[in-house]
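[1] no sequence on this one, just coordinates:
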């Protein structure tokens, strides 16, 4: 089983809805792919004949996301004379670094997160975003970084089993095992989990960063014996669905699905959740050069981003998209203004500085 | 010749039966074995001789019948309680133990240890002529030596009797002959009851006090070797004892089939008692062996000493054959 | 001059493609990993110092070693019993049992882990049964701990132990046990003094195989351990692909590799045990 990124999980959700029972195979496939994917990707991705413009390879996490990105982004771009190819082989940080170090980069744009900036930025594996081409005004304030630019949003939220938890628990109750006995689950990653712990402990969203890592660790330490760790979205879903946990911190998309499939037994709230950006990053020495940034600019169109929200649940990064979101999708849209009000927003700068040692410390102190 | 006086250790087998599915491995077998006797179970493969031996040893539970030893019922006694020495086909020496430890094994199982046990092991190895091989492993020994270790191991604990399952079948002819006489010597030396399984009639004849001939799970005949040789009870036993000629009643003129050895048939001057024509003629130096067939196709084998100067019959010749009544054995129809 | 047929040359020509493939696809990457472990992030043994300093690495290594040893012992005991039963079963049943053993090899580790989850969890079949029978009031904690990890690993490894054990037992002459019985040993004596010593080479081989295999478990502990029982394979993967700390990852991979090579070297010296025990 692969520890999933959020984007990868999205891809999986879509496939689950498509054909239930596929998720396990998908996990296995990606585990297998660990060994062979770089080779396969380098063989497979460059096959298309170049048109006038150079080919741009966009790599995401596979499954239905390939199709959705094709329709939302590639088709309009190619209609205007571009040549965009969607590749679903999964841009794990370690894989991007391998390509860059081997001087054999075949990817132009990767569907990544802030940890990619943190892990690969200092190693010089990422190309700075060319903001002469990519329009900063088409991205929610603060979500443009030197080495990456937001293309959608997702949230980490608290969910609970209403059969086992009376009333509406506050995020503080997550850490009160006397009031609500039973196991809790969190992601096997420090990302977002520390923020949710601090928010639950009463830290105001605006005071969140720099993270008081020790305080967050102490919170988790206090319920250590009741903690389980999930490493894939489907696992987080099954732990709550099967009653193995009474509460959990998980991605809003999974929480939303749980609420639907359990007919409301599992509930969740965006309150004191954390909004996180999904980022486009460009590997150093990408084959298409600046054309990659023109492709990113093309993907900033609000209607394209709303299409992705409809199909996959990702919140649009372009503020202009907010009005275009259909009414019935708003409550589940992590970037919806109503939902943003009650959430904190991830600070990528802090991650770029501290993620690696914080994640390692999280493994040292909490997981093991 | 052993005197047959019933003693306490007499083994008695009554109505023993064992079936595997539809196959009757043993069919109401009854047999007595006297103390000190060398009894051979003789028969072709599948005749039940090994099944009978394994039932005596306790490895096979019979479906019916009873086995008693000195009047005590041992039918359901586990093998280790019976205290029978056993020599297996292929010897079954323990490959991970030295010769000494192999021979020590039955003593150890009986709680004997120390100097006395060691002395008994040494004695047993001396008896089989392997005193110098004690610290070897079985795989370092020749087949004949392994056979002797198996014997030493089977007798070292002074068992009630010794059961031997085709112990010589894996050896070449010369070694087999040598070990046959050694076994006989050993039998006399230790005075144990031997029950010996073989399919080789000459082996059975040369070694046994008595032979029990088996066929399809039944006992065909039990008797001294000369009894069986001279007076086989039926055609099966007679064939097993090497009788070459069987004359059906219509040819012999009597009421029974006559069993005749090759040397009992002689060339008649005239038509003789049976007419035949020569179909095969093989020269063996001292004698010439003939096969002839009667009109009705019954094969007849006879020999003529070479160098008699007469004109000898050739293949295709019509001949007459005679025999003396004292050499002919009428068989129960079977 | 007539060229003579050279068997040596033919031998090397036949072996060469495999050797080349091994060199390119195995030895080269492995040597890269070893090299990385002493050069990233800077040359030296800094990564290896973490073996002494890092709390999580210490705990993880200890967890890996402990789980591997215990699961190897349990697998061997259970596998021995199963192999014994198969060896002594009649032909038809033997085939059935073999199918059952092999069938579990065809099921992915992942599916097996999920199956154990379904059995062991609080609302799972076993707890429902125990509570239904009134044996316990509250569900037994069988999931998300070392117990469930061991169950999963032992189950996954059983065929690996059964096959070599069976082949060892199969080669033992059944007359040896009969001979021991005939010579005065009861069932237990015949088993422990004759049958068991003769299976030791198989036990030994199976132990090594299973132990080395256990060291590499990743999916099963991750799924059944609730994230707490991280073993070395998962830890390496996290370091390489997620934390992107290639120094620590390659160091641990090297440690695992060296540990296995040393174990095998020691074992290959002891392999003479086979001769000692006279089997095969």
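    Great, that's in hand. Quick caveat, the model's predicted, so the values are computed rather than measured.
[2] what's near enough to touch the residue nearest to residue B:44 when sequence neighbours are not counted?
    What sits nearest to residue B:44 in space, not counting adjacent residues and going by CB to CB, 6 or more residues apart in numbering or on different chains, is residue B:199, at 5.8 Å. C-beta: built from backbone N, CA, C; applies to glycine. With contacts defined as CB atoms under 8 Å, 6 or more residues apart in numbering or on different chains, the neighbours of residue B:199 are B:42-45, B:49, B:166, B:169.
[3] pLDDT below threshold where in the chain?
    If you meant another chain, say so; for now it's chain A. Counting by pLDDT under 70, chain A has low-confidence residues at A:1-5, A:7-52, A:63-64.
[4] can you look at chain C instead?
    Low-confidence segments of chain C, defined by pLDDT under 70, are located at C:1-4, C:271-280.
[5] which bits of it sit near chain A?
    Within chain C, the positions adjacent to chain A are C:54-56, C:59-60, C:63, C:108, C:110-111, C:114, C:117, C:121-123, C:143-144, C:218-219, C:222-223, C:226-228, C:230, C:235, C:237-238, C:240-246 by CB under 8 Å from any CB of the partner chain.
[6] now, these that are in helices?
    Of those, the ones assigned to helices by DSSP state H are C:55-56, C:59-60, C:63, C:110-111, C:114, C:117, C:219, C:222-223, C:235, C:237, C:246.
[7] got a PyMOL select line for the buried ones in these?
    The following PyMOL selection, which keeps only the buried ones among these, applies the criterion 16 or more other CB atoms under 10 Å in any protein chain shown:
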select buried, chain C and resi 56+59+60+63+110+114+117+219+222+223+235+237+246
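[8] now the two most distant members of the ones in helices among the residues of chain C next to chain A.
    Within those, C:55 and C:111 form the most distant pair, 34.2 Å apart (CB to CB).
[9] quick one: name the residues of chain B near chain C.
    Applying CB under 8 Å from any CB, one finds that chain B approaches chain C through B:57-59, B:78-80, B:83-86, B:88-90, B:92, B:94-96, B:105-106, B:109-110, B:137-139, B:153-154, B:157, B:163.
[10] which of those residues count as buried?
    Among the residues of chain B next to chain C, those classed as buried by 16+ other CB under 10 Å are B:57-59, B:79-80, B:83-86, B:88, B:90, B:92, B:94-96, B:105-106, B:109, B:137-138, B:153-154, B:157, B:163.
[11] my read is that residue C:251 contacts residue C:37, right?
    Yes: counting by CB atoms under 8 Å, residue C:251 touches residue C:37, with 4.3 Å between them.
[12] outline the domain layout of the chain.
    Looking at chain A here, since you left the chain open. Following the assignment in automatic domain parsing, chain A carries domains at A:6-153+A:276-345, A:155-274+A:348-367.
[13] think we crossed wires, I meant chain B
    Chain B resolves into domains spanning B:11-238, B:244-331 when parsed by automatic domain parsing.
[14] ranking those by burial, who's on top?
    Of the domains of chain B, the one with the most neighbours on average (mean count of other CB atoms under 10 Å in any protein chain shown) is domain B:11-238, at a mean of 19.
[15] just checking the distance from it to the centre of its chain.
    Relative to the mean C-alpha coordinate of its chain, domain B:11-238 is positioned 11 Å out (CA atoms, centre = their mean, to the nearest Å).
[16] now, the buried ones among the residues of chain B next to chain C that are in strands?
    Using DSSP state E, the subset of these located in strands is B:84-86, B:163.
[17] using CSV, lay out these together with pLDDT and distance to residue A:233.
    Putting those into CSV (pLDDT from 0 to 100; distance: CB to CB, whole Å) gives the following:
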residue, pLDDT, distance to residue A:233
B:84, 92, 71
B:85, 91, 72
B:86, 90, 68
B:163, 94, 72
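[18] pull the most distant pair out of these.
    Farthest-apart pair in those is B:85 and B:163; separation 6.9 Å (CB to CB).
[19] what touches both of these two?
    Any residue near both residue B:85 and residue B:163 by CB under 8 Å, 6+ apart counts here, and that gives residue C:182.
[20] for residue B:246, list each beta-bridge partner.
    For residue B:246, the beta-bridge partners are residue B:259 (DSSP bridges).
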